[in-house]
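1. With the input below, show me the fold.
(chains A and B)
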Amino acid sequence: MSSVNRWRRLRRSVQLLCLLGFLILFVATEYRGEDRLSWPVSLLFRIDPLALIADLLAPGAPHLSLLWPALLVLLLTAIAGRFFCGWICPLGTTLDGCGAVIGRGKTVVKPGWRQIKYLLLIFLSVAALLGVQLFGLFDPLAIFLRTLTFALYPTYNLGANALFDAAWQHPVPVLSPAINQLFPFWRDHLMAFRPPFFTLGLFTLLIFLCILALERIERRFWCKNLCPLGGLLGLCSRYALLRRTPSRLCSDCALCASACRMAAVGTEAVRKSECIRCFDCGDYCPYRRVAFSWSPQPRPEVSTDLTRRGVLVAAASGLLIAPSIRIEPDARLHNSTLLRPPGAVDEAEFLRRCIRCGECMKVCIGSALHPAFLQAGVTGLWTPLLMARLGYCEYNCTLCGQVCPTGAIKELSLEVKRKTVIGLAVFDKNLCLPYARGEECLVCEEHCPTGKKAIIFDERDVTYGGVTRRLKQPVVVKSLCIGCGICETKCPVEGVSAIRVIHEGESRRQRDASAGLDGY
Amino acid sequence: MDRREFIRSSLQLAIATAAIGGTPWLDLAALAAPAPLTPPLAVRKGKDIPATVRAAVTALGGMGAFVKAGEVVVVKPNIGWDRTVELAANTHPLVVRTVVELCLEAGAKKVLVFDRTCNDPRRCYVESGISAAVEGLKSSKVSMEQIDRRAFIDVDIKGGIDQQRWSFYQPALNADRFINLPIAKHHSISTITVGMKNIMGVIGGNRGTMHRNIAEALADINTIIRSDLTIVDATRILVANGPQGGRLEDVKVLDTIIASPDIVAADAYSATLFGLQPRDITSVVAGAKRGLGTFDLQKVRMV
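-> Numbering: from 1, shown residues only, chains lettered A, B, ... in the order given. Have a look, this model is predicted:
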């Protein structure tokens, strides 16, 4: 067995181990009895160079204490090439695995397509520099984790719960008791405590399926042509020390031209920025000619596929999109329920920091955080919204700040978090029972967690339909309300809540959100 | 007996049988057995919580009077809130642990501890300290698991005034004995929350809707889940901003344990700790009217 062959097997093992590791970290991204998560659950994004760039280009101090592993990845790529794509990237591994199942296309896509990933990278970088950060939409790691969080994991939970429910409802001898026995352990360790659900679940799944379907055109189509992280790592690996020989297609064979998953082996040279160091060629080469060695190389043997025109167009697009986005009004002006997690930085900086990885939404103990579609403007796609009717911010929980890899959500101490204002609860007296129907309720007051309650009540004689009753009518104390939303979640009125949290007075605001209006 | 007589007597018999059969004997049996006219009530004070709990139970004749060997017992504390012990939002873990121990000593086959919480269930179980206290017993007969969302079942509430049907937690319905372990707290809509309201922790559904007529709703559900013994944790009570609390200045330390087989009497006595009269508490009054117990403390036998 050649040494290259051993490398290939090693690479496959590493791929599977990394995928498994990320899955374990994913499942561990949940409250399990400790206020602080003991695992570095967002490791996937701390090694993400795109997250690093987003962080560096955002206003405010960079979070190198979080993101230094990403720097390490870039450094290693400069030495060893695009190994990340072939060995570590969970989306790459998923595509490799699923491609084997769904069948891989044999179409040879024009080499010119490969420049798209660089152009996307340039576009995204220039846009981010000028204030519109969209890396998260195309970041493969974000795509992977979003799909897992919003679509695959909820699906798995639905399936598992259906099984446990069926076993509960239909007492099949032996089988049902066995499954019932498993339930507590499964629920506590291998499933979400509550079956998760997310807005945008299907939309996110659809995007993932599209990327998967691209495998039917060409193997690793996404990685080869579209992935901006692949582009960045490709640029970094142009002077990589790890070299492959033969350094071009052999005239007597040329199997590499069709067999290389990245189509990295050309007639003039091996494209270093395309080779993901999968070491397959060592295996399939009929002549056992392939070898890898360490040697410095002053000049890349082949250029990237970039055209000057392409670069200019990409950069100009990035340049233009930043002001173009602002022709839309600030979403907060017309969306009063645009709430962010506690510890979120000011909206402008938030949008520039958040890489839409979904970690905060995965970890949210109250199922309060959900991905935005257009509620936060077009640039806010997949950013976390606190949707208080679906779930509330648990008063003593600080998990979202602990997992955010880019400082979009600051890590708050419990004392600070309890005082952090997410928004303000307001009543809809047309729905609220003591006002609208002359009935008693006060569930909001009961649940208000602020010690000295932010929801109190006035006792009044209320005449409703000719009958006068003495009723307690709830009111919000603005100075005490932190907008956690438990009142909105627990409001027993069906459908839309009779009390809603609006973003008035949120702590993160650096200037008045209405300053954009030509107001009074 | 001639034919005419035979037919007449047959008809008479048939009518009599129908009349007897038509009488809702089962329903009558399901109604509250009239509460004893002078229910016993034990009030004990002391800094040593386990000793105080034991003293109160001993005064009622010991746990053996309530729990028989081989029985499955539900011990239902209030674990509703993500609050630590000193904030008096949940039953004191030492009260829970001592009662579980007493059940085991009385020969219980299985002791189940649970609550359908208001805050996140995982946080409540941990932060209340009850999970650690119960698990500290290290007994295979004791189980403190999260509520199993599958195990709710709809039950008709015969004679229900606010609710005629509601979903209940099966382990609570199926237990041989139900021991209610509330903590006495201020509550804006029900004035105080003690034993009767603690039963809300074993029901399913949208519990918020019960607050529209809380007194009758609580009486309704208490006709389904009968507390064989109610032990009120008044070691510290929450006098304002209840039931969730959160401020030490709202906590009043009383070092008191109240125990009675009569849940209404226990709640009624608890009212006095807040400077209230039992008749001020609508649920207590409603409970007494439904035959769940007596709220007239003059008729209670202090032991």
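2. Now do the contacts for the residue nearest to B:Gly242 when sequence neighbours are not counted.
-> Using CB to CB, 6 or more residues apart in numbering or on different chains and skipping the chain neighbours, the partner closest in space to B:Gly242 is B:His186 (3.6 Å). Placement of C-beta: from N, CA and C, glycine included. B:His186 is in contact with B:192-193, B:237-243, B:250, B:274, counting by CB atoms under 8 Å, 6 or more residues apart in numbering or on different chains.
3. how about stretch A:86-104: buried residues?
-> A:86-96, A:98-99, A:104 (16 or more other CB atoms under 10 Å in any protein chain shown).
4. and the end-to-end length of stretch A:182-189?
-> 11 Å (CA to CA, to the nearest Å).
5. so how far is it from its chain's centroid?
-> 26 Å (CA atoms, centre = their mean, to the nearest Å).
6. Repeat that for stretch A:224-242.
-> 22 Å.
7. and the end-to-end length of that stretch?
-> Stretch A:224-242 has its terminal residues 20 Å apart, counting by CA to CA.
8. and it, what's its mean pLDDT?
-> Taken as a whole, stretch A:224-242 has an average pLDDT of 94.
9. ok, the residue nearest to B:Gly242 to B:Ile192 distance?
-> Distance from B:His186 to B:Ile192, counting by CB to CB, to the nearest Å: 6 Å.
10. Identify the contacts common to these two.
-> B:242, B:274.
11. What ranges does the stretch 251-400 of chain A have for its strands?
-> Using DSSP state E, counting those that start in this stretch, the strands of the stretch 251-400 of chain A run over A:291-294, A:369-371, A:384-386.
12. Also chain A?
-> A:242-245, A:291-294, A:369-371, A:384-386, A:424-427, A:455-464, A:467-476, A:499-502 (DSSP state E).
13. among these, which is the most enclosed?
-> Mean neighbour count (mean count of other CB atoms under 10 Å in any protein chain shown) peaks for strand A:384-386 among the strands of chain A, with a mean of 28.
14. ok, back up a step: ok, and the most crowded of the contacts of B:His186?
-> Sorting the contacts of B:His186 by how many neighbours each has (other CB atoms under 10 Å in any protein chain shown) puts B:Thr193 first, at 29 neighbours.
15. between the contacts of B:His186, which is closest to A:Leu209?
-> Nearest to A:Leu209, judged by CB to CB, of those is B:Pro243 at 47.3 Å.
16. looking at it, A:Pro341 is touching A:Cys393, isn't it?
-> Yes - using CB atoms under 8 Å, A:Pro341 makes contact with A:Cys393 at a distance of 7.3 Å.
17. pLDDT-wise, which helix or strand of chain B ranks last?
-> helix B:25-30 (a mean of 45; mean pLDDT, DSSP states H and E).
18. ok so, going back, B:Gly64: which of the strands of chain A is closest?
-> Once the strands of chain A are compared by CB to CB, strand A:467-476 is nearest, at 44.3 Å.
19. Which residues does that closest one contact?
-> So strand A:467-476 is contacted by A:424-427, A:432, A:434-435, A:438-442, A:444-445, A:454-462, A:499, B:188-189 (CB under 8 Å, 6+ apart).
20. Sheet-wise, list the partners of it with their directions.
-> In the sheet, strand A:467-476 lines up against strand A:455-464 (antiparallel) (DSSP bridges).
21. Which residue is the nearest non-sequential neighbour of residue 160?
-> Let's take chain A. The shortest distance from A:Ala160 to any non-neighbouring residue, by CB to CB, 6+ apart, is to A:Met191 (5.6 Å).
22. nope, chain B please
-> B:Asp220 (4.2 Å).
23. same check, this time on B:Ile79
-> According to CB to CB, 6+ apart, the nearest residue to B:Ile79 is B:Asp115 (3.9 Å).
24. ok, that neighbour - how many residues close by?
-> 26.
25. same question, B:Gly204
-> Neighbours around B:Gly204, by other CB under 10 Å: 16.
26. same thing with A:Ser13?
-> Counted with other CB under 10 Å, A:Ser13 comes out at 11.
27. Quick check: the gap between it and A:Thr93.
-> Distance of A:Ser13 to A:Thr93, computed by CB to CB: 11 Å.
28. Which pLDDT value goes with A:Gly516?
-> pLDDT, A:Gly516: 52.
29. Closest approach to chain B from the stretch 101-250 of chain A, which residue is it?
-> Nearest residue of the stretch 101-250 of chain A to chain B: A:Trp168, at 4.6 Å (CB to the nearest CB).
30. How about the contacts made by that residue?
-> A:176, A:180, B:150-151.
31. Also A:Ser317?
-> Counting by CB under 8 Å, 6+ apart, A:Ser317 touches A:123, A:126-127.
32. what does chain A put close to chain B?
-> Counting by CB under 8 Å from any CB of the partner chain, the residues of chain A close to chain B are A:31-33, A:164-165, A:168-169, A:183-184, A:187-188, A:193, A:365-366, A:394-397, A:433, A:439-443, A:445-453, A:457, A:472, A:490-492.
33. Among those, which ones are in helices?
-> The members of the residues of chain A next to chain B that map onto helices under DSSP state H are A:164-165, A:168-169, A:183-184, A:433, A:443, A:445-447, A:490.
34. where do the helices sit along the stretch 301-450 of chain A?
-> Ranges of helices in the stretch 301-450 of chain A, per DSSP state H, counting those that start in this stretch, are A:308-325, A:331-334, A:347-353, A:359-363, A:399-403, A:414-419, A:433-436, A:443-447.
35. what comes up buried for the second one?
-> Meaning helix A:331-334. For helix A:331-334, using 16+ other CB under 10 Å, the buried residues are A:331-332.
36. Show me how far that helix is from its chain's centre.
-> What separates the centre of helix A:331-334 from the centre of its chain is 24 Å, taken as CA atoms, centre = their mean.
37. And for the longest one?
-> Its chain's C-alpha centre and that of helix A:308-325 lie 25 Å apart, by CA atoms, centre = their mean.
38. Do me a favour and average the pLDDT over it.
-> 92.
39. ok, the closest residue to A:Cys275 other than its chain neighbours - contacts?
-> Spatial nearest neighbour of A:Cys275, excluding adjacent residues (CB to CB, 6+ apart): A:Ala264 at 4.1 Å. Residues near A:Ala264 by CB under 8 Å, 6+ apart: A:270-272, A:274-276.
40. Which members of those come out as buried by neighbour count?
-> Buried members of the contacts of A:Ala264, scored by 16+ other CB under 10 Å, are A:270-272, A:274-276.
41. Touching, A:Gly401 and A:Gly343? I think so.
-> Yes - using CB under 8 Å, A:Gly401 and A:Gly343 qualify as a contacting pair, with a distance of 4.2 Å.
42. Touching both of these two, which residues are there?
-> Both A:Gly401 and A:Gly343 are contacted by A:409-412, A:417, under the criterion CB under 8 Å, 6+ apart.
43. picking up where we left off before, B:Asp156 is in contact with the residue nearest to B:Gly160, correct?
-> No - between B:Asp220 and B:Asp156 there is no contact under CB under 8 Å: 10.8 Å.
44. Who has more neighbours out of these two?
-> B:Asp220 (25 against 11).
45. And chain B, what are its domain boundaries?
-> Here the domain parsing of chain B from automatic domain parsing is B:1-30, B:36-302.
46. re the thing from before, among the residues of chain A next to chain B, the buried ones, what's the ChimeraX command?
-> Restricted to buried positions by 16+ other CB under 10 Å, the ChimeraX selection for those reads:
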select /A:31,164,168,183,187,193,365,366,394,395,396,397,433,439,440,441,442,443,445,446,447,448,449,450,451,453,457,472,490,491,492
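47. Can you tell me which residues in the stretch 101-250 of chain B are near chain A?
-> B:118-123, B:126-127, B:145-146, B:148, B:150-151, B:187-189, B:206-209, B:211-214, B:241, B:243-247.
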